[in-house]
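Q: Predicted structure and sequence below. I'll ask about it afterward.
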Amino acid sequence: MGTTTCLEEAIAHTHDGLVQRLEAARAVKSRPEQSRRGCPPIDLFLSETSRHLHAVDEVLLPPARSRCRDGRSLVHDYLGTLHELEVALAHAKAHEYGSTWETRYDWSGVWDDVDAGLAHHRRQEEQVGLGLTHTLDDEELAELTGRLGVAEEHAPTRPHPYLPHTGAAGRASRRLMRMVDGFWDSVESRYVPEHQAPPHKRPGLLGQYLLADPWFEEEESPGEPAERRTPSE
């Protein structure tokens, strides 16, 4: 049993951020036309939420199923709320781009469904995090938390409620849909921010020599002459 709550804190922090993004998306002013194609607040909420959901599938569900007490039941209940949320997100995405199948829904009803689905999902994901915290040691929890963040950076950007989420089929579908989502994001000019890679560490003297790329100290500006030493008598 771990003593650290890093995983639970990461889950809470992520969902707090998603709620803020949902509020920003919901605050978008209504337009005469139904479509809000390429609306950054909506795109940002949908893409970041989808990335997190796919990352949880990839990183948290396998150890939860195999190592937590009643793990199969825990994952089964989680997948139920996940499907509910992904269906709501898919409706929001279709509504944003003016699908003819969405004409019977208004934006208020769409966001109400997303809000309810996100709240239900958060409670169930917190149960998964709590189960893992009670099962794994501190080192495993820290490693799992780090992997969750990395997985979010490379996850699909759209909800896929009817594709496999677990096992080998789930892993294969995520790899495939990441490429498919990237293609359609580009075609639709959808606002999906790229996660910035950490800056490279400055090479040492040996590295500079081998790369033939020396790093010189910044030269003094012309307006700031160097202090002159008075020659000793």
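A: Looks like it arrived, so ask away.

Q: which residue ranges form the helices in the protein?
A: Listed in chain order, the helices of the chain (DSSP state H) span 6-26, 40-59, 61-67, 71-96, 107-133, 138-153, 167-187, 205-211.

Q: could those helices be laid out in JSON lines, adding mean pLDDT and distance to Pro159?
A: Yep, even glycine has a C-beta here, placed from its N, CA and C like the rest. Converted to JSON lines, these look like this (pLDDT from 0 to 100; distance: least, Cβ to Cβ, whole Å):
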{"stretch": "helix 6-26", "mean pLDDT": "96", "distance to Pro159": "13"}
{"stretch": "helix 40-59", "mean pLDDT": "96", "distance to Pro159": "5"}
{"stretch": "helix 61-67", "mean pLDDT": "97", "distance to Pro159": "16"}
{"stretch": "helix 71-96", "mean pLDDT": "95", "distance to Pro159": "4"}
{"stretch": "helix 107-133", "mean pLDDT": "96", "distance to Pro159": "10"}
{"stretch": "helix 138-153", "mean pLDDT": "95", "distance to Pro159": "14"}
{"stretch": "helix 167-187", "mean pLDDT": "94", "distance to Pro159": "10"}
{"stretch": "helix 205-211", "mean pLDDT": "54", "distance to Pro159": "44"}
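
Q: Figure out which of those is closest to Pro193.
A: helix 40-59 (6.8 Å; Cβ to Cβ).

Q: who does that closest one touch, helix- and strand-wise?
A: Secondary-structure packing of helix 40-59 (3 or more Cβ pairs under 8 Å, 6 or more residues apart in numbering; DSSP states H and E): helix 6-26, helix 71-96, helix 107-133, helix 138-153, helix 167-187.

Q: With mean neighbour count added, can I get the ones you listed in JSON lines?
A: JSON lines is the format used below for these (neighbours: other Cβ atoms under 10 Å):
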{"stretch": "helix 6-26", "mean neighbour count": "17"}
{"stretch": "helix 71-96", "mean neighbour count": "19"}
{"stretch": "helix 107-133", "mean neighbour count": "18"}
{"stretch": "helix 138-153", "mean neighbour count": "16"}
{"stretch": "helix 167-187", "mean neighbour count": "14"}
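
Q: Tabulate those in a markdown table, adding columns for distance to Pro193.
A: Converted to a markdown table, the helices and strands packed on helix 40-59 look like this (distance: least, Cβ to Cβ, whole Å):
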| stretch | distance to Pro193 |
| --- | --- |
| helix 6-26 | 11 |
| helix 71-96 | 17 |
| helix 107-133 | 20 |
| helix 138-153 | 11 |
| helix 167-187 | 11 |
